[in-house]
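[1] Quick check, what structure comes out for this input:
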Amino acid sequence: MPSIQALSSAPSDVPQTVPHALLPFLRSQSQNALTRLYQRPSSCLSILRLLGPLERQLIMNLLWLESAIPVSTMAAWVIPDGNKLYSEALSALVGLHVVQNSTVKLALNPTFKSNLRQAITGGGTTASFGVPAERDERRQPVGTDTLDAYALERWETILHYMVSSGQGQLPTKPSQGVLYLLQRSGLMQSTNGSALQITSAGFQFLLHSPHDQLWSLLLQYLHMAEERQMDLVEVLSFLFMLSTMELGRASIASACEYSADSLSETQKAMLEDLRDYGLIWQRKGSSKYFHPTRLATTLTCLSPPLPTSSTPNTSVTTSSTEVPLSSTTGPQGFIILETNYRVYAYTNNPLQTAVLNLFITMKYRFPNLVVGMLTRESVRKALSNGITADQMRKNVITGFPLICKCLGLTVPFDRLQNPLLPVTVQDQIRLWELERNRLKSAEGFLYKDFASQADYEYVLAYAKQLGVVLWESPTKRAFFGTLEGHANIRGFIERRSGAP
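    Numbering: from 1, shown residues only. From the prediction side, this is the model:
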């Protein structure tokens, strides 16, 4: 049996594995709920995909053992440098109730083990991976291109509505269910009955990858399940089922169609919501059949959740350097940044244009070209919209990938190490950031007019002990404390002065 190698022994330039956003939510669930979830082979397979490589190796080492093994035996497989990572991985599996919590022997949860075995080897009649619909000549087959176009249109409608809010534009409005989800997620808000406006969290949301964006909304959907009187286990099971379904088969030109008859009442109620998000496609709302889109089938894997048809081949160019960002065939597109801060973006996509408008001042628009300027006002607008200075420094200065990420482009790793922006632009962005960060405001109380230096130092020392001092001036015998610490400081002064 192979040893569990320490990830820290890998080269320093290899990024550490980031836990999936769903795992903390699953760890917060009760053991009974997780055991119910593990009764479906598709759920077990999906959770295995979500785990890190070390956790997956531990599961596979224990999966085919018929009995528990001593903890010391498993520990003997671990090299000394990997003890900490091994303990963290084992703790994560215990938190998910995948591994039984015991200090003597190690064994997988019996329900998880039997259903994961079934998922890997096949067999069973649980319909956990969906029930394919019978072929009917009266129903026209649906191609994967149609599903991709549908998913892209639904997802871009959501993002375009968020980006365009408050900009005086009238983009296509998503369904009320989507708007409610955006509002509950804190990505958009309405003040005094006004139209929904994007929040700082919403701008942060736009900087994430489509996969992270999708799971961010789905996590809020899961949090809302209980108040909507939906069975959370059934909701999770359906999402995991969709992630293991087939988008299409190589042997046929059409996409795979599934029957909704085997779904529970909760899962049937989810069809309308997931249709609005672009995860499934149906011929009509009352149809007994559905097709999962690429957004659904890639929920628990690393494949891109959206097709790249809108940007088939894209490059970034600065000065006289052209950088290809995709190797797929098709017409090329470019983002060009000149040393005079002028930006040229070859795109005809409304969403990409709206996102680009967050960072630049638009000058001209043509059918396939947008021209703008990276100005002090546009950078300050991006910062005021919730994009932090660190993100501007990390993303814009190291090769313009902030805009590229929002536009759905990919930046090669070597270009992240070798910045593409001209030095003059880098320095100017830093100066614009410093302008905004010169002053910080905070609510609190100013303490002054102390009777003696000793009284001032005594009260100041107490306030510092509480960690509530924001500013001090020994020459003026004054200091400024936070709003939260005022009650304690006031009580301390009254006790010291003997006041009632």
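[2] any idea where the helices of the stretch 1-150 of the chain begin and end?
    Assigned helices in the stretch 1-150 of the chain, in chain order: 22-27, 31-37, 41-50, 53-63, 71-76, 83-95, 110-121, 144-164 (criterion: DSSP state H, counting those that start in this stretch).
[3] need those in a markdown table with mean pLDDT and distance to residue 489, can you?
    For the C-beta atoms, the positions are set from N, CA and C on the backbone; glycine is no exception. Listed next are those as a markdown table, based on pLDDT from 0 to 100; distance: least, C-beta to C-beta, whole Å:
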| stretch | mean pLDDT | distance to residue 489 |
| --- | --- | --- |
| helix 22-27 | 93 | 37 |
| helix 31-37 | 94 | 46 |
| helix 41-50 | 94 | 48 |
| helix 53-63 | 92 | 48 |
| helix 71-76 | 88 | 51 |
| helix 83-95 | 92 | 41 |
| helix 110-121 | 93 | 54 |
| helix 144-164 | 88 | 43 |
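[4] just the ones you listed: most buried one?
    Of all the helices of the stretch 1-150 of the chain, helix 41-50 has the most neighbours on average by mean count of other C-beta atoms under 10 Å, namely a mean of 23.
[5] out of the helices of the stretch 1-150 of the chain, nearest to residue 196?
    Residue 196 lies closest to helix 144-164 among the helices of the stretch 1-150 of the chain, at 8.3 Å (C-beta to C-beta).
[6] what distance separates that closest one from the centre of its chain?
    Offset of helix 144-164 from its chain centre (C-alpha atoms, centre = their mean, to the nearest Å): 18 Å.
[7] can you list contacts of that helix?
    The contact list for helix 144-164, computed with C-beta atoms under 8 Å, 6 or more residues apart in numbering, reads 170-174, 178, 182, 187-188, 198, 202, 205-206, 210, 213-214, 247-248, 255, 276-279, 281, 291, 293-295, 306-307, 309-310, 349-351, 354-355, 357-358.
[8] mind redoing it with 6 Å?
    Helix 144-164 has contacts (C-beta atoms under 6 Å, 6 or more residues apart in numbering) with 171-172, 174, 178, 198, 202, 247-248, 255, 278, 281, 291, 293-295, 306-307, 351, 354-355.
[9] next SSE after that helix?
    Next along the chain after helix 144-164, taking DSSP states H and E as the criterion, comes helix 176-184.
[10] Can you show me the CA trace of that following helix as CSV?
    This file holds the C-alpha atoms of helix 176-184, laid out as CSV (Å, rounded to 0.1, in the frame of the first residue of the first chain):
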residue,chain,number,x,y,z
GLN,A,176,-38.6,36.4,-9.4
GLY,A,177,-37.1,33.3,-7.8
VAL,A,178,-33.7,34.2,-9.1
LEU,A,179,-34.1,37.8,-7.9
TYR,A,180,-35.2,36.6,-4.4
LEU,A,181,-32.1,34.3,-4.3
LEU,A,182,-29.8,37.2,-5.2
GLN,A,183,-31.3,39.4,-2.5
ARG,A,184,-31.1,36.7,0.2
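[11] which other residues reach the next helix or strand after that helix?
    Note on helix 176-184: by DSSP H and E, the next helix or strand toward the C-terminus is strand 188-189. If you take C-beta under 6 Å, 6+ apart as the criterion, strand 188-189 is touched by 182, 196, 198, 199, 202.
[12] 8 Å - rerun?
    162, 165, 179, 182, 183, 196, 197, 198, 199, 202.
[13] that older thread, please name whichever of the helices of the stretch 1-150 of the chain is nearest to residue 485.
    Closest to residue 485 of these, according to C-beta to C-beta: helix 22-27, at 31.7 Å.
[14] which of the contacts of strand 188-189 sit farthest apart?
    Greatest spacing in the contacts of strand 188-189, by C-beta to C-beta: 179 and 199 (13.7 Å).
[15] Look at these two and report which has more neighbours.
    A count of neighbours by other C-beta atoms under 10 Å puts residue 199 above the other of residue 179 and residue 199, at 20 against 17.
[16] Tell me who's in contact with the more buried one.
    186, 187, 188, 189, 386.
[17] Which one of those sits in the busiest neighbourhood?
    Of all those, the highest neighbour tally under other C-beta under 10 Å goes to residue 187, namely 24 neighbours.
[18] OK, contacts around that residue?
    Contacts for residue 187 (C-beta under 8 Å, 6+ apart) come out as 162, 198, 199, 201, 202, 205.
[19] Report the beta-bridge partners for the second one.
    In other words, residue 198. residue 188 (DSSP bridges).
[20] Quick one: neighbours of it, just the number.
    Residue 198 has 23 neighbours, counted by other C-beta under 10 Å.
[21] so it touches residue 165, yeah?
    Yes - look at residue 198 against residue 165 with C-beta atoms under 8 Å: they come within range, at 4.9 Å.
[22] What does the pLDDT read for residue 405?
    For residue 405, the pLDDT comes out at 50.
[23] if we can go back for a sec, between all of the contacts of residue 187, which two are separated the most?
    It's 162 and 201 that sit farthest apart of those, by C-beta to C-beta, at 10.8 Å.
[24] what about stretch 178-195, average pLDDT?
    Rounded mean pLDDT across stretch 178-195 is 86.
[25] closest to residue 455 out of the helices of the stretch 1-150 of the chain?
    Set against residue 455 and scored by C-beta to C-beta, the helices of the stretch 1-150 of the chain come closest in helix 22-27, at 48.6 Å.
[26] For residue 447, which residues are in contact?
    Counted by C-beta under 8 Å, 6+ apart, residue 447 has contacts 459, 463, 478, 479, 480, 481, 489.
[27] Just the ones of those residues in strands?
    478, 479, 480, 481 (DSSP state E).
[28] what's the closest of the residues you listed to residue 372?
    Closest to residue 372 out of the ones in strands among the contacts of residue 447 is residue 480 (42.3 Å), distances taken as C-beta to C-beta.
[29] Report the beta-bridge partners for that closest one.
    Residues in a beta bridge with residue 480, per DSSP bridges, are residue 446, residue 471.
[30] Residue 369 now?
    In this entry, residue 369 is beta-bridged to residue 366, by DSSP bridges.
[31] Please indicate which of the contacts of residue 447 are buried?
    Buried members of these, counted by 16 or more other C-beta atoms under 10 Å: 459, 463, 478, 479, 480, 481, 489.
[32] Got phi/psi on residue 205?
    phi -60, psi -40 (degrees, to the nearest 10).
[33] now do residue 291
    For residue 291, the backbone dihedrals (degrees, to the nearest 10) come out as phi -120, psi 130.
[34] nearest residue to it other than its sequence neighbours?
    residue 281 (4.5 Å; C-beta to C-beta, 6 or more residues apart in numbering).
[35] circling back: could the contacts of residue 447 be laid out in TSV, adding distance to residue 21 and pLDDT?
    Formatted as TSV, these follow (distance: C-beta to C-beta, whole Å; pLDDT from 0 to 100):
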residue	distance to residue 21	pLDDT
459	46	92
463	39	92
478	46	93
479	42	94
480	39	93
481	38	92
489	41	91
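[36] thinking again about what came up before, for residue 285, which of the helices of the stretch 1-150 of the chain is the nearest?
    helix 144-164 (14.4 Å).
[37] How are the helices of the stretch 251-400 of the chain distributed by residue range?
    Under DSSP H, counting those that start in this stretch, the stretch 251-400 of the chain gives helices at 265-277, 294-297, 350-356, 376-384, 389-391.
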